[in-house]
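Asker: fold the following and give me the result.
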Amino acid sequence: MAESGWDFSSRWLTNTTDLKTTQINDMFPSDLNTLMGLTENYLATLSLKYGRTDLRKYFESLVTDRKSYFGEIFNGLNYPDYSRTR
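Answerer: Residues are numbered from 1 along each chain as shown. Modelled structure (predicted):
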């Protein structure tokens, strides 16, 4: 996570006072999912521009699925980081 600047954020700690408790393997950060959704949407737009309706449908389905998953997990209220283990 050092590349993103979040490497020593308490966001990743199971115990916010101990840096040894970093836990990122089971985390689904909301900002990463947002960037992935934006990228998938952009790729769908580019696919349409270049006449690849097959790829457009594929990337649009990824965007739809991602929104659906987030809606199921967070009930559409807000989108904090999600951990499978906490």
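
Asker: tell me which strands and helices the one helix or strand residue 42 maps to is in contact with?
Answerer: Secondary structure from DSSP states H and E places residue 42 in helix 30-49. Using 3 or more C-beta pairs under 8 Å, 6 or more residues apart in numbering; DSSP states H and E, the elements in contact with helix 30-49 are helix 53-74. All C-beta spots, glycine's among them, are computed from the backbone N, C-alpha and C.

Asker: got the angle for the helix it packs on vs helix 30-49?
Answerer: 160 degrees (axes from the mean of the first three to the mean of the last three C-alpha atoms, to 10 degrees).

Asker: can you give me the buried ones in helix 53-74?
Answerer: By neighbour count with 16 or more other C-beta atoms under 10 Å, helix 53-74 contains the buried residues 56, 59, 60, 62, 63, 66, 70.

Asker: check pLDDT for the residues you listed and point me to the minimum.
Answerer: In terms of pLDDT, residue 70 ranks lowest among the buried residues of helix 53-74, with 75.

Asker: sounds good, over and out.
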